[in-house]
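K.L.:
the following comprises the amino acid sequence and a computationally predicted model.
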Amino acid sequence: MDFEVKDKENFVVKFMTTTRKLGQYKWPLREDIQTVQKQFLISAGFVPDCLNFEWLWNVKEAPTKDNIYNIYKKYS
């Protein structure tokens, strides 16, 4: 995921797509770019490890972020 600050409350986010393994992501065939409000960002600024020539990426913090999302989902 890549992002830029649009203004104080919004970010422009370029999303990656998940694979079957938790924490592994790849760039989609078509760019998925959306404006996201700051309150809905779980995390930013982490650097994923490249596993396959910029095609496959691993986010070692994924289990923590997945737990945070599941808690949010439970109460929203």
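P.N.:
Structure's in. What do you need? Keep in mind it's a predicted model, so treat the numbers as computed, not measured.

K.L.:
measure residue 72 to residue 29 for me?
P.N.:
28 Å (Cβ to Cβ, to the nearest Å). C-beta: built from backbone N, CA, C; applies to glycine.

K.L.:
so between those two, which is more surrounded?
P.N.:
Comparing residue 72 with residue 29 by other Cβ atoms under 10 Å, the one with more neighbours is residue 72, at 11 against 7.

K.L.:
next one: phi and psi at the more buried one?
P.N.:
Here is the backbone geometry of residue 72 (degrees, to the nearest 10): phi -60, psi -50.

K.L.:
now for it: which residues touch it?
P.N.:
residue 42 (Cβ atoms under 8 Å, 6 or more residues apart in numbering).

K.L.:
would you mind measuring from the closest residue to residue 68 other than its chain neighbours to residue 52?
P.N.:
Nearest residue to residue 68 in three dimensions, chain neighbours excluded: residue 42, at 5.3 Å (Cβ to Cβ, 6 or more residues apart in numbering). The spacing between residue 42 and residue 52, counted by Cβ to Cβ, is 25 Å.

K.L.:
would you map the helices across the protein?
P.N.:
With DSSP state H applied, the chain shows helices at 62-75, listed in chain order.

K.L.:
can you give me the strands for it?
P.N.:
Assigned by DSSP state E, the chain shows strands spanning 2-5, 10-15, 17-18, 24-26, 32-37, 49-50, 56-58.

K.L.:
indicate which one of these is closest to residue 66.
P.N.:
Shortest distance between residue 66 and the strands of the chain, using Cβ to Cβ, is found for strand 17-18: 10.4 Å.

K.L.:
what is the closest one packed up against?
P.N.:
If contacts are counted by 3 or more Cβ pairs under 8 Å, 6 or more residues apart in numbering; DSSP states H and E, strand 17-18 sits against strand 24-26.

K.L.:
who does the strand it packs on pair up with?
P.N.:
strand 17-18 (antiparallel), strand 56-58 (antiparallel) (DSSP bridges).

K.L.:
what's stretch 52-62 in contact with?
P.N.:
Contacts for stretch 52-62 (Cβ under 8 Å, 6+ apart): 16, 19, 22-27, 43, 46, 48-51, 65.
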